[in-house]
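# Please work out how this folds:
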Amino acid sequence: MRVAHFDCFSGISGNMVLGALLDAGVPIEPIQAALASLQLPLRLEVRTVQRAGFRAVHVEVHAEEQPSHHRYVEEIEQLIRRAAVTPTQRELALKILHRLAQAESHVHGIAVERVHLHEVGALDSIADILGAAVAIDLLGVQQFTSSPVPTGRGTVQTAHGLMPVPTPGTLALLQGVPLAPSDVEYELTTPTGAAILTSVVQHYTATPAMRVERVGHGAGTKNFLDRPNILRVWVGESAQTQPGNFYEGDFVVVLETNLDDVTPEVLAYCQERLLQHGAMDVFISSGLMKKGRLGYRVTVLAPPALVASLQEVLFRETGTLGIRRSWCERVKLPRQYVQHQIDRHRVQFSQARLPDGTPVGKPEYEDCARTARETNLPLRQVMLDCYARMVSPSLANNNAPPITAAQDEATPPSTEVAQSAHAGPTGQQSSD
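Below is the predicted model of the structure:
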């Protein structure tokens, strides 16, 4: 599988993304043609520069429009819809724009259609959004990952006055994204860069399992003396099964709260709601709390992008006054989802192998329960047959004819599975 990794050790901005993708081999002509179709007074200047002694590609947008000319979201959306780009490129550009608009709507407390995007409305940001969408599509990868993101610190002058770094819009866009510490007194990550990143990245990891074929270097505008202000994009093939680099990795967020004033029925309902909202797993343990009260600890494994919504469910359903939150790096076995035939019934399995080839996995409970009901067999017998089939099809104890290769085919991935190799059969990520 073709993959790309954003190494954001010095943050990310729209022109850094463009520069890195061009340096990684994306041709500039389709990007220039897309921007020319907007019929706006802008042009790209692409040149090779040095950043703290390292070569990188810097992209600068030259626009004749006055900075005071700002556009509303709807006007920018119409520009993108008229652009001469493919449907995939148009969809991605609109996705990036809408993420920006929703972040501004949130921080200013107004409806999206009333958002007046100052910096985003400028021509250079429009060029960054559309140009990045075209370049990302032309890169031809199926999955994007990113390192934790440094935002910088200090203050920056904006259309709304002097603002802290990260700005409110950038911080809203980076909710659920692991951040990296930084001692740089500068805005390393811009709203446009954050919107592009969070529109395409599925997983955040310091070092992905991949075979790197080429690296693109995109230069930021500022040239620091003590570090290269560069965004690196690694492009290559997934290498999840390479010896010595067998395991997959990503980040998860662990949410925990202690409760001593809720009933088991409330906890069961809360657990159900959390899973419906995308929690990877929810488990509840009991214990003795202060003053001798019996209580419960609710632990939620959450995808980073869903932390805010899952916290809301916890607060609303349990009445807790606080939630502990921690980032964890996770190591996993590469897995796949396949179907086996057990007593003429299809049962879906999550299946993996250890580096030495030993099979591990389990059948899906709902499929086993359905098979047990339909065949009037004990559930434990169905599950034993399933585990035997996972180890060796010839060991399964059932009356079905021998399983052929055509019958043991992989389950066609859903949209969610196609976007994430870690997604489970219901679209939720496995907790293991």
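# Touching, Tyr337 and Gln348? I think so.
Yes. Tyr337 lies in contact with Gln348 (CB atoms under 8 Å); the separation is 6.1 Å. The way it works is simple: take the backbone N, C-alpha and C, and place the C-beta from them, glycine included.
# Can you give the domain ranges for this structure?
Domain assignment for the chain, taken from automatic domain parsing, gives 2-238, 251-332, 335-419.
# Serialize those to CSV and add fields for mean pLDDT.
CSV is the format used below for these (pLDDT from 0 to 100):
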stretch, mean pLDDT
domain 2-238, 90
domain 251-332, 91
domain 335-419, 69
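# May I ask you to name the longest helix in the protein?
For the chain, the helix with the greatest residue count under DSSP state H is helix 87-108.
# Go ahead and flag the most central residue of the chain.
Among the residues of the chain, Gln202 comes closest to the average C-alpha position under CA atoms, centre = their mean, at 2.6 Å.
# In the sheet, which residues pair with Val338? Tell me.
Going by DSSP bridges, Val338 is paired in beta bridges with Phe349, Ala410.
# can you count the residues close to it?
Per other CB atoms under 10 Å, the neighbour tally for Val338 reads 16.
# any idea how far it is from Met390?
Computed as CB to CB, to the nearest Å, the Val338 to Met390 distance reads 9 Å.
# between the two, what contacts are shared?
The contact sets of Val338 and Met390 overlap at 349, 351 (CB atoms under 8 Å, 6 or more residues apart in numbering).
# still on that earlier bit, give me the three-state assignment for the residue nearest to the centre of the chain.
strand (DSSP: H, G, I helix; E, B strand; the rest coil).
# go on, Val253?
Of the three states, Val253 takes strand under three-state DSSP.
# Grab the nearest non-local neighbour of it.
Excluding the flanking residues, the one nearest Val253 by CB to CB, 6 or more residues apart in numbering is Ala302, at 4.5 Å.
# Go ahead and confirm the one you found touches Phe251.
No. Taking contacts as CB under 8 Å, Ala302 lies outside contact range of Phe251: 10.4 Å.
# quick one: which of these two has more around it?
Applying other CB under 10 Å to Ala302 and Phe251 shows that Ala302 carries more neighbours, namely 26 against 18.
# which residues does the more buried one contact?
Per CB under 8 Å, 6+ apart, neighbours of Ala302: 252-255, 278-280, 310.
# Go through the domains of the chain and pick out the most buried.
Of all those, domain 2-238 has the most neighbours on average by mean count of other CB atoms under 10 Å, namely a mean of 19.
# The closest residue to Thr192 other than its chain neighbours: what's it in contact with?
With CB to CB, 6+ apart as the criterion, Thr192 has its nearest non-adjacent residue at 3.9 Å, and that residue is Gly14. Neighbouring residues of Gly14 by CB under 8 Å, 6+ apart: 124-125, 128-129, 131-132, 190, 192-193, 196.
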